[in-house]
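**Student:** A structural model of the following input is requested.
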Amino acid sequence: TRQPKSAEMILLELPNDSMNLSTVYRTLDTFFEQGLVSKSTMKNTAYYYINKKDHHHYMICLGCQKMYEIDCHLDHIADHVAADHHFKITHHDMTVYGYCEDCQRNMN
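**Tutor:** Below you'll find the model as predicted:
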């Protein structure tokens with residue numbers, strides 16, 4: 001899945017007693033160092049997602065901390081950076097922080 005997950009979320013999806021939390025963290029850190037996964041941190045929790053060498057765009061709600069993958073058309077910004085700044089982009093990702101519709105309603 002491309003949905004970002006914390007180490008705790010991943011552990012819950014594994015068969016019982018197949019791995020402990022520290023092993024999940026070590027494995028994710030190794031994957032991150034090798035460029036196999038990307039990491040985004042919010043409120044002291046790291047979320048990991050598979051790095052497919054393409055671009056990722058996410059919305060993260062600061063209220064409920066849900067993360068949503070969004071389909072945005074920001075390729076023109078990458079094209080601008082590549083052309084105007086002579087920068088070879090291998091991949092990019094973007095995260096937008098704010099409040100989801102439900103949390104906005106609860107704030108009023």
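
**Student:** SS state for residue 38?
**Tutor:** For residue 38, the secondary-structure state derived from DSSP: H, G, I helix; E, B strand; the rest coil is strand.

**Student:** count of neighbours near the nearest residue to it once chain neighbours are set aside?
**Tutor:** In space, residue 38 comes closest to residue 51 once its chain neighbours are excluded; the distance is 4.6 Å by C-beta to C-beta, 6 or more residues apart in numbering. Every C-beta, even on glycine, is put in place using the N, C-alpha and C of the backbone. Counted with other C-beta atoms under 10 Å, residues neighbouring residue 51 total 18.

**Student:** got a list of what residue 51 touches?
**Tutor:** When contacts are counted by C-beta atoms under 8 Å, 6 or more residues apart in numbering, residue 51 touches 35, 36, 37, 38, 91.

**Student:** Now render the residues you listed as a markdown table, adding distance to residue 71.
**Tutor:** Putting the contacts of residue 51 into a markdown table (distance: C-beta to C-beta, whole Å) gives the following:
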| residue | distance to residue 71 |
| --- | --- |
| 35 | 23 |
| 36 | 23 |
| 37 | 21 |
| 38 | 17 |
| 91 | 16 |
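
**Student:** Residue 45 bridge partners, please.
**Tutor:** On the basis of DSSP bridges, residue 45 takes part in beta bridges with residue 42.

**Student:** For it, report the pLDDT, please.
**Tutor:** Per-residue confidence at residue 45 stands at 87 (pLDDT).

**Student:** next one: residue 53
**Tutor:** The per-residue confidence score, pLDDT, reads 59 for residue 53.

**Student:** My read is that residue 36 contacts residue 48, right?
**Tutor:** No: Residue 36 lies out of contact with residue 48 (C-beta atoms under 8 Å); the separation is 9.5 Å.

**Student:** With neighbour numbers in mind, choose between those two.
**Tutor:** Legend: neighbour count by other C-beta under 10 Å for residue 36 and residue 48, higher for residue 48 (23 against 13).

**Student:** helix, strand or coil for that one?
**Tutor:** In the three-state summary, residue 48 is assigned as strand, counting by three-state DSSP.

**Student:** what's the first-to-last distance across stretch 81-92?
**Tutor:** This stretch, stretch 81-92, spans 11 Å end to end (C-alpha to C-alpha, to the nearest Å).
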